[in-house]
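Trainee: show me the folded form of this:
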Amino acid sequence: MTPTNEDGVEPPHIVVLDGGFSTQLSCHVGHVIDGDPLWSARFLHTHPNEVVNTHLDFLRAGANFIITNTYQASVEGFVEHLDLTPEQGYELITRAVELAKQARTLYLEEYENYIQHDHVPLVVGSVGPYGAHLHDGSEYDGSYADTTSAQTMREWHRPRIQALIEAGVDLLALETIPCQEEAEMLCDLLREFPNMKAWLSFSCKDNQSIAHGESFQKVAKKCWESNSDQLVAVGVNCCAPSFVTSLLKGINDDRPHDPIPLIVYPNSGEKYNPQIGWIDRDKCEPVEVFIQEWLDLGVRYVGGCCRTYAADVSRIRNQVHCWRDRWRFQHKFTSNTQNNN
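Mentor: Below is the predicted model:
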């Protein structure tokens, strides 16, 4: 999971993530997903086979990591919207991990002659923000942090994280976090599970600030330094691709020998209109056109979020291969030049 030393002969190790789960799931189900108070997590209960097939799509597209369908999953949410008991709600979160593992097993059986033992895909447990379960839009601006204590958020997050870990995820994705208070709390909560590692990714409203308004770079650095033993990367997800370069540029300038590993998995750049759905796709550049630029900035984990499909993951993976080839050529050219001198 840790990027390789860039002074080595081989280029840095790049991890390809999956894409937008609900987006790809829509290819398998004929039901409305966007706007549901449980979002795609409802389908853990109603369409488990389609959940497995969605994970399989991303694995076949070349994802090294698949992220569980638990972004908007919580015990309270399942009790309220699926009429489950708290125990059943907890079990449904663990079921999400089992479905991802089932997809991985099917994939490994399908490609057993082509996959090396040390290249087995990892299952990552999605831990979305507290605001997502409120279903009031506050997850998009982090405004719930102004009225909700860190302790309240901590008590809400703990059982879902515990369920994911008990079910055997390889890693946690603390993702789409819109506010500093919740991010710092999650980094601290992670210490209750000392054998688990995670990445932390923020939602951002522009090319400088996370959704609640704090400076992305300041918050990201503070969180990294607070628990670098357990964090494998920090970065951004589900923001417009056009924001990413400005958000990340210079973040490691003051730590050239110990750079923070960076993670990026943006949305397509489309905007979501609650009345009519996603709009402006024709105005967006494809995510893959940005990939090599981000890798040059030190991104080592890259994929897609909302409105990115398995086909987009394939194109992202192709760009990663192109970047690695370019890195090798440049490294070889530099080495030859130095030797000739």
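
Trainee: C-alpha from now on. contacts and neighbour counts both.
Mentor: OK.

Trainee: do a quick rundown of the strands in the stretch 1-150 of the chain.
Mentor: According to DSSP state E, counting those that start in this stretch, the stretch 1-150 of the chain carries its strands in the segments 15-16, 65-67, 122-127.

Trainee: could I get those in JSON lines, plus columns for distance to H212 and mean pLDDT?
Mentor: Listed next are those as JSON lines, based on distance: least, CA to CA, whole Å; pLDDT from 0 to 100:
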{"stretch": "strand 15-16", "distance to H212": "28", "mean pLDDT": "98"}
{"stretch": "strand 65-67", "distance to H212": "25", "mean pLDDT": "98"}
{"stretch": "strand 122-127", "distance to H212": "18", "mean pLDDT": "98"}
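
Trainee: and of these, who's closest to D188?
Mentor: When the strands of the stretch 1-150 of the chain are compared by CA to CA, strand 122-127 sits nearest D188, at 14.5 Å.

Trainee: dump that closest one to CSV, restricted to CA.
Mentor: Output of strand 122-127 as CSV, limited to C-alpha atoms (Å, rounded to 0.1, in the frame of the first residue of the first chain):
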residue,chain,number,x,y,z
LEU,A,122,-7.8,-5.0,-1.7
VAL,A,123,-11.2,-4.3,-0.2
VAL,A,124,-11.5,-0.8,1.3
GLY,A,125,-14.3,0.2,3.7
SER,A,126,-16.1,3.4,2.8
VAL,A,127,-16.7,5.7,5.7
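
Trainee: for that strand, give me every contacting residue.
Mentor: 64-72, 97, 100-101, 157, 160-161, 164-165, 169-175 (CA atoms under 8 Å, 6 or more residues apart in numbering).

Trainee: in its sheet, what does that strand sit against?
Mentor: Sheet pairing for strand 122-127, assigned by DSSP bridges, gives strand 65-67 (parallel), strand 171-177 (parallel).

Trainee: next secondary structure after it?
Mentor: helix 150-166 (DSSP states H and E).

Trainee: mean confidence for that next one?
Mentor: Regarding helix 150-166, the rounded mean pLDDT is 98.

Trainee: low pLDDT regions in the stretch 201-341 of the chain?
Mentor: For the stretch 201-341 of the chain, the stretches flagged by pLDDT under 70 are 274, 333-341.

Trainee: what about the helices in it?
Mentor: With DSSP state H, counting those that start in this stretch as the criterion, the stretch 201-341 of the chain has helices at 216-226, 241-248, 291-296, 310-340.

Trainee: thought E270 was touching P286, still the case?
Mentor: No: with contact defined as CA atoms under 8 Å, P286 does not count as touching E270 (10.6 Å).

Trainee: let's have the strands of the stretch 1-150 of the chain in a markdown table, adding mean neighbour count.
Mentor: Below are the strands of the stretch 1-150 of the chain laid out as a markdown table (neighbours: other CA atoms under 10 Å):
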| stretch | mean neighbour count |
| --- | --- |
| strand 15-16 | 22 |
| strand 65-67 | 25 |
| strand 122-127 | 26 |
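
Trainee: TSV for the ones you listed, including distance to R255?
Mentor: Shown next, in TSV, are the strands of the stretch 1-150 of the chain (distance: least, CA to CA, whole Å):
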stretch	distance to R255
strand 15-16	22
strand 65-67	28
strand 122-127	28
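
Trainee: which one of the ones you listed lies nearest to S143?
Mentor: Closest to S143 of the strands of the stretch 1-150 of the chain, according to CA to CA: strand 122-127, at 18.5 Å.

Trainee: which stretch among the strands of the stretch 1-150 of the chain comes nearest K249?
Mentor: Of the strands of the stretch 1-150 of the chain, nearest to K249 by CA to CA is strand 15-16, at 19.8 Å.

Trainee: which neighbouring elements make contact with that closest one?
Mentor: Contacts defined by 3 or more CA pairs under 8 Å, 6 or more residues apart in numbering; DSSP states H and E place strand 15-16 against strand 299-302, helix 310-340.

Trainee: direction included, what does that strand pair up with?
Mentor: Strand 15-16 is paired, per DSSP bridges, with strand 299-302 (parallel).

Trainee: and the contacts of the strand it pairs with?
Mentor: With contact meaning CA under 8 Å, 6+ apart, strand 299-302 is reached by 3, 12-17, 261-265, 291, 316.
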